[in-house]
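Asker: below is the sequence, then the predicted model.
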Amino acid sequence: MNAALLDRYLKNPSVLREHIHQRLNHLHGDKPALRNCFPGARDSSVLMGLTASTGEDFSGPGTISLVLNKRSRRVRQAGDLCYPGGSVGKADELLAWLLWFAGVGFGSGKLQKFRKRGGKREHQMRMLLVTSLREAWEEIRLNPFRVTYLGLLPVQSLVMFDQLIYPFVVWLPARQRYRPNWEVESIVLIPIRKLLDHACYGQYKVILPTSLSGNSFTEKVFPCFVHNGPAGRELLWGASFRITMDFLKIVFDFNPPDMHGLPVFNGRLDNSYLNGSHYGG
């Protein structure tokens, strides 16, 4: 994407919202596609929220950013950056019907195709969206009545956790106040412009457990995004990195740099990384 067009999108939230919706709608058509599926996987969903800064944080007024959580030490994958979300719960099917008729998450009317078709697939999408909204309310007190749905990204798989992740893209109000619960250490806002800068990428060389028991370890190298914010350096990697790269590719035609020659960041994850000290599910 050329610089002039990118600048136009990042300075005009309403234009950017429509562009995102068009790109995601073109990606999926009438039926959002699955990828990397495997038998027995549990369904889960996450909420990729975009917001325009009011100037009360380090990013400056009008800066459009992604909103992520930093996981607390009481959950699995502690310390990682992630999007709010989780597994489908027992109450989500009922909530899907109740909140559907109340209009939650449909501020822009982009989900009308789900309403019109009314089939099993569309109900599944509604329920997964409700799951992400419920989890975002529980984790950071995000008001579900004030989000605008924009679209669905390609589905990701977590083989180690037997889990499929459906990433829903939404627009969040600028003056939303986030109140993290025990699962979240802090809220991290990453400006889109930084994500589109090749100089902000690196390699994460990490020793990590290969099973939930944490009795065996391996060393792997992952691509990562390096975020230097008010709280210091954070690395975005793993499934959340892949989700983010899908979004940047689809919306801005962006590809991250090849890992060869990028700065290396070393890390080691202990047994609690996969288990969590007080994992809440």
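Answerer: Arrived safely, thanks for sending.
Asker: just to be sure, residue 77 is in a helix?
Answerer: No. Under DSSP: H, G, I helix; E, B strand; the rest coil, residue 77 sits outside any helix and is assigned coil.
Asker: just the helices from the stretch 101-250 of the chain, written as ranges.
Answerer: Using DSSP state H, counting those that start in this stretch, the helices found in the stretch 101-250 of the chain span residues 112-117, 120-140, 192-195, 238-252.
Asker: out of those helices, which is the most enclosed?
Answerer: helix 120-140 (a mean of 22; mean count of other Cβ atoms under 10 Å). C-beta coordinates here come from the backbone N, C-alpha and C atoms, glycine included.
Asker: that one - contacts with which helices or strands?
Answerer: Here helix 120-140 touches strand 42-52, strand 85-87, helix 92-102, helix 112-117, strand 163-171, strand 184-191, going by 3 or more Cβ pairs under 8 Å, 6 or more residues apart in numbering; DSSP states H and E.
Asker: the helices of the stretch 101-250 of the chain: which one's closest to residue 182?
Answerer: Nearest to residue 182, of all the helices of the stretch 101-250 of the chain, is helix 120-140, at 9.3 Å by Cβ to Cβ.
Asker: ok and the closest one relative to strand 184-191, angle-wise?
Answerer: Helix 120-140 runs at 110 degrees relative to strand 184-191, counting by axes from the mean of the first three to the mean of the last three Cα atoms, to 10 degrees.
Asker: contacts only, for residue 235.
Answerer: 81, 202, 204, 224-227, 265, 267 (Cβ atoms under 8 Å, 6 or more residues apart in numbering).
Asker: the same query, at a cut-off of 7 Å, please.
Answerer: Contacts of residue 235 were listed using Cβ atoms under 7 Å, 6 or more residues apart in numbering, and they are 204, 224, 226, 265.
Asker: and it, how far from residue 256?
Answerer: 13 Å (Cβ to Cβ, to the nearest Å).
Asker: ok, for residue 140, nearest residue in space, not its chain neighbours?
Answerer: Setting aside the residues directly before and after it, residue 140 is nearest to residue 178 in space (Cβ to Cβ, 6 or more residues apart in numbering), at 4.4 Å.
Asker: surely the one you found touches residue 187?
Answerer: Yes. Using Cβ atoms under 7 Å, residue 178 is in contact with residue 187, at 4.7 Å.
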